[in-house]
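Participant: show me how the following folds:
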Amino acid sequence: MDDKEHDTYDLAGLCEAADVTVRTVRYYIQQGLLPGPSARGPNARYGTGHLDRLRLIRRLQAEDAPLAKIRLMLEELDDQAVRHMLAAGEPRSRTSALDYIHALRGGAMLLSEPAQAWSRPAPHAPAAPDQRAATSRSQWERIVLLPDVELHVRRPLTRQHHRKVDKLIELARDLFDEEA
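Facilitator: Sure, this is the predicted structure:
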């Protein structure tokens, strides 16, 4: 283990090292792209893993990968895997606009060759072409089942997951109605 793994940053230091704004870091944490700090408030500390993830997010965004796909990919990676992807080098350049459009329609992430092994879709990612792909924007929906019981869902969802969430809501409401 090298000393680099023990480096910690306050929020301002992390932002300076990653060349991002405070607002960006907070947004990425809210969207699940970046884990939260080790503590809250003025004692919040961020590690090298946070910095590496920020750098990888920026690289993938430069390759036009949507944030939703980046989030799904990062959920599957530990800090060592993120470091490996960063060490793999700069993204390859596209050869034509047609390649870019093909990659967008096919949902492929444009990564450098060594990094493609890490770009497999998450196991819960939709595989069927008729399912709607996640977009780069998402938001949480709060569904109140009872005054003290809520369900929180990150949208957008695939059609299949949307149907399952609707069924879950229906079953939960029926269950709570039976108790009354």
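
Participant: helix, strand or coil for Leu151?
Facilitator: strand (DSSP: H, G, I helix; E, B strand; the rest coil).

Participant: show me the contacts for it.
Facilitator: 142-143, 145, 168-169, 172 (CB atoms under 8 Å, 6 or more residues apart in numbering). (C-beta placed from N, C-alpha, C; glycine too.)

Participant: at 10 Å instead, please
Facilitator: 141-145, 165, 168-169, 172 (CB atoms under 10 Å, 6 or more residues apart in numbering).

Participant: now the one helix or strand His162 maps to: buried residues?
Facilitator: Here His162 is covered by helix 159-179, with elements defined by DSSP states H and E. The neighbour-count check on helix 159-179 (16 or more other CB atoms under 10 Å) flags 161, 165 as buried.

Participant: do stretch 37-51 as well
Facilitator: 37, 46-51.

Participant: what ranges do the helices span in the protein?
Facilitator: 11-18, 22-30, 48-62, 67-75, 79-87, 97-106, 159-179 (DSSP state H).

Participant: need these in TSV (columns: mean pLDDT and distance to Val153).
Facilitator: Listed next are these as TSV, based on pLDDT from 0 to 100; distance: least, CB to CB, whole Å:
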stretch	mean pLDDT	distance to Val153
helix 11-18	93	29
helix 22-30	92	15
helix 48-62	93	24
helix 67-75	89	14
helix 79-87	89	27
helix 97-106	58	26
helix 159-179	87	6
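
Participant: now distance to Glu150 too, for those, in CSV please.
Facilitator: Output for the helices of the chain, formatted as CSV (distance: least, CB to CB, whole Å):
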stretch, distance to Glu150
helix 11-18, 29
helix 22-30, 18
helix 48-62, 29
helix 67-75, 22
helix 79-87, 32
helix 97-106, 36
helix 159-179, 10
